[in-house]
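Asker: Sequence first, then the predicted structure:
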Amino acid sequence: MAGNKFDCQAEITMTIPAFKKNQYEFTAHIRDPEKNKMPEGIEDRRMGIYRELLFNNIEGFISSGFPVIREIFSDENWHKMVRDFFANHESHSPYFLEISQEFLTYLENEREPNNEDPKGLLELAHYEWVEMALHVSDDEINMDGVNANGDLLTRHPLFSSLAWPLVYQYPVHKMGPDNLPEAPELPTYLVVYRDRSDKVRFLEINPVTARLISLLQDNENFTGTDAIDHIAKEMNHPNPEVVHQGGKAALEELQQHGIILGTQM
């Protein structure tokens, strides 16, 4: 069986036109020059221009998409990681704007963790990817069917498609070279959103507000009051009115930030 497989591969290799064979050798060398020799007949100085240009382009996009991670890593470890991504990751998109998604996939599924990696690296990478994804998203705030002045308590609140509720075990929005937690802390609840000025912002929320958002997004028939009542029962709170006051304030704050657009008509 093994012999048949190798014979088949050899036959395919022999049938590849010469120009395609040169293309494969050219790209393989650029991606990983230490493992793949240069195509014959090309001057090393010229190949060096391509090696540097393409790697620097990829590295530049990743640096701009993950600026905090870039700042945390030493130059040596950063370039080693990007080089490994460039050499070994099989990208599924040809678009430069989607390099951040490809790099996140690489970190989550392919890269071997390093002892020098900061704790919470994958969560921080996801948070930075979210910022980039919202920034370049083609979605627009759509007010069709939305009553911007609707009563958030008696109607169903509607959320912006450009507002993403997230929960992390690390305080990713505070992490940096001088703030690297050694272990998971209390969960961090955030809403990362793009406002009407196309600026990406975040709002830190508490677990109760996160639960309120989840209930309203999962239950299209819930009014604001329905969701708050549900939470009060879950908490078995001795004074439900306190929960109602807090829930009403949370809904109003979310609307002030443009996370809630209004209510159903």
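Answerer: Received, thanks.
Asker: what number of residues lie near Glu185?
Answerer: For Glu185, the count of nearby residues is 12 (other CB atoms under 10 Å). Where you see a C-beta, it was placed from the backbone N, CA and C, and this is true even at glycine.
Asker: Skip the chain neighbours and tell me the closest residue to it.
Answerer: Once flanking residues are discounted, Glu185 sits nearest to Pro171: 6.2 Å by CB to CB, 6 or more residues apart in numbering.
Asker: Determine the longest helix present in the chain.
Answerer: helix 44-65 (DSSP state H).
Asker: Show the subsequent helix or strand relative to that one.
Answerer: Proceeding N to C from helix 44-65, the next assigned helix or strand is helix 67-72, under DSSP states H and E.
Asker: Just the residues contacting whatever helix or strand comes next after that following helix, thanks.
Answerer: Per DSSP H and E, the first helix or strand lying C-terminal to helix 67-72 is helix 75-88. With contact meaning CB atoms under 8 Å, 6 or more residues apart in numbering, helix 75-88 is reached by 31-32, 35, 55, 58-59, 62, 70, 73, 102-103, 106, 110-111, 114, 116.
Asker: switch to 10 Å and redo it
Answerer: 28, 30-36, 54-63, 66, 69-74, 91, 99, 102-103, 105-107, 110-112, 114, 116-117 (CB atoms under 10 Å, 6 or more residues apart in numbering).
Asker: Work out which residue lies at the spatial centre of the protein.
Answerer: When CA atoms, centre = their mean is applied to the chain, the residue found nearest the centroid is Trp129 (2.8 Å).
Asker: Validate this expectation: that residue resides in a helix.
Answerer: Yes. Assessed by DSSP: H, G, I helix; E, B strand; the rest coil, Trp129 belongs to a helix.
Asker: just to revisit the earlier point, where's the longest helix of the chain relative to the chain centroid, distance-wise?
Answerer: Taking the mean of its C-alpha atoms, helix 44-65 sits 23 Å from the chain's own mean (CA atoms, centre = their mean, to the nearest Å).
Asker: again, but for stretch 125-133
Answerer: 3 Å.
Asker: before we move on, what about stretch 251-265?
Answerer: On CA atoms, centre = their mean, the centre of stretch 251-265 falls 24 Å from the chain's centre.
Asker: what sits against Gly113?
Answerer: Slight slip there: residue 113 is Pro, not Gly. Neighbours of Pro113 in contact, by CB under 10 Å, 6+ apart: Leu107, Leu121, Leu122.
Asker: Asp117 now?
Answerer: Counted by CB under 10 Å, 6+ apart, Asp117 has contacts Ile69, Ile72, Phe73, Asn77, Met81, Leu107, Arg111.
Asker: That one should be in a strand, yeah?
Answerer: No. Per three-state DSSP, Asp117 lies outside any strand segment and is coil.
Asker: Now do it against Phe55, distance only.
Answerer: Distance, Asp117 to Phe55, using CB to CB, to the nearest Å: 22 Å.
Asker: do the same with Asn147
Answerer: In this view, Asn147 and Phe55 are 52 Å apart by CB to CB.
Asker: quick revisit: quick one: which two of the contacts of Asp117 are the most distant?
Answerer: Ile72 and Arg111 (15.1 Å; CB to CB).
Asker: Which neighbouring residues are in contact with the residue nearest to the centre of the chain, exactly?
Answerer: Per CB under 10 Å, 6+ apart, neighbours of Trp129: Gly65, Phe66, Ser100, Gln101, Phe103, Leu104, Thr105, Leu107.
Asker: Are any of the contacts of Asp117 buried, and if so which?
Answerer: With neighbours counted using 16 or more other CB atoms under 10 Å, the contacts of Asp117 contain these buried positions: Ile69, Ile72, Phe73, Met81, Leu107, Arg111.
Asker: Any chance of those in JSON lines with pLDDT and distance to His230 as columns?
Answerer: Converted to JSON lines, the buried ones among the contacts of Asp117 look like this (pLDDT from 0 to 100; distance: CB to CB, whole Å):
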{"residue": "Ile69", "pLDDT": "98", "distance to His230": "38"}
{"residue": "Ile72", "pLDDT": "97", "distance to His230": "40"}
{"residue": "Phe73", "pLDDT": "97", "distance to His230": "44"}
{"residue": "Met81", "pLDDT": "97", "distance to His230": "45"}
{"residue": "Leu107", "pLDDT": "98", "distance to His230": "37"}
{"residue": "Arg111", "pLDDT": "96", "distance to His230": "41"}
